[in-house]
Structures are given as structure tokens and as C-alpha cells.
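>>> prediction below, plus the sequence it came from.
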Amino acid sequence: DALAAAAGRAAFAWVARRGVAAARPGGLGAIVAGSQAWWVAPVWWVALAAAALPVLGPRAPIGVAVAAAVVVLLSWHTARRFGGMTGDVLGAAGELATTAVLVVLAGT
């Protein structure tokens, strides 16, 4: 589903927002850490939810909200646990957000 994929990509912006340092000096995390304004991911999530609502119904914004919540929690936890973000955290955020949207859309 395109909505799930787009929500997953928006998750990258949250994990790489300013104020979140790289956990290690080398690697993908160091390249993208702190590269996004804090508001970029929320704007994308709201826009995606609004655009998908007429097509997919009320599950679309619910799915995007669940995805956003999961990514925010993941980012908070990994920043506390690792001292910042890594490339693996970036990938996990995208996959978790995508999965969250798909699970909500598949529910009955």
C-alpha cells in the first residue's frame, strides 16, 4: 500500500531530526543525524492521513497516527539506550511505521 510506504519514509525524518545525535561517529546514522527540522515528519504524517482519508476511510488517519506513535517511541527509546540514532534505527523506524499502517488498514 502506498500510504504505508509513504508513512514509513516520513519516519526517517523523525529519527533524523535536529537534536538527535548519531550514536556512533561513523556510518549512516552519523551522515543523516540532525539533518531534518522537527516538524517535517509530523507535517508529512498529517498530509498523508488527510490525503488518504477520502480514499481509504477513517482507518487511514488511525494507521498513520499509530505509525507516528510507534516511531516516536522507538526514537525516544533508542536515543536513550544508544545515545542517539544509527542506520539500523532509521531502517527499523521505516519498517515499523509501514507495518503499523498495514496492520491497521487490514483490521476489520
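Ah, there it is. Residues are numbered from 1 along each chain as shown.
>>> pLDDT of the longest helix anywhere in the chain, averaged?
Looking across the chain with DSSP state H, the single longest helix is helix 59-82. Regarding helix 59-82, the rounded mean pLDDT is 96.
>>> which strands and helices sit next to the helix or strand bottoming out on mean pLDDT in the chain?
Within the chain, no helix or strand scores below helix 28-32, which has a mean of 87 by mean pLDDT, DSSP states H and E. With contacts defined as 3 or more C-beta pairs under 8 Å, 6 or more residues apart in numbering; DSSP states H and E, helix 28-32 has these neighbours: helix 87-106. C-beta here means a position set from N, CA and C on the backbone, and glycine is covered the same way.
>>> tell me the buried residues in the helix it packs on?
87, 89-90, 92-94, 96-102, 104-105 (16 or more other C-beta atoms under 10 Å).
>>> out of those, which comes closest to Ala60?
Nearest to Ala60 out of the buried residues of helix 87-106 is Leu105 (C-beta to C-beta; 7.3 Å).
>>> how about the closest one, what does it touch?
With contact taken as C-beta atoms under 8 Å, 6 or more residues apart in numbering, Leu105 is in contact with Asp1, Leu3, Ala4, Leu56, Arg59, Ala60, Gly63.
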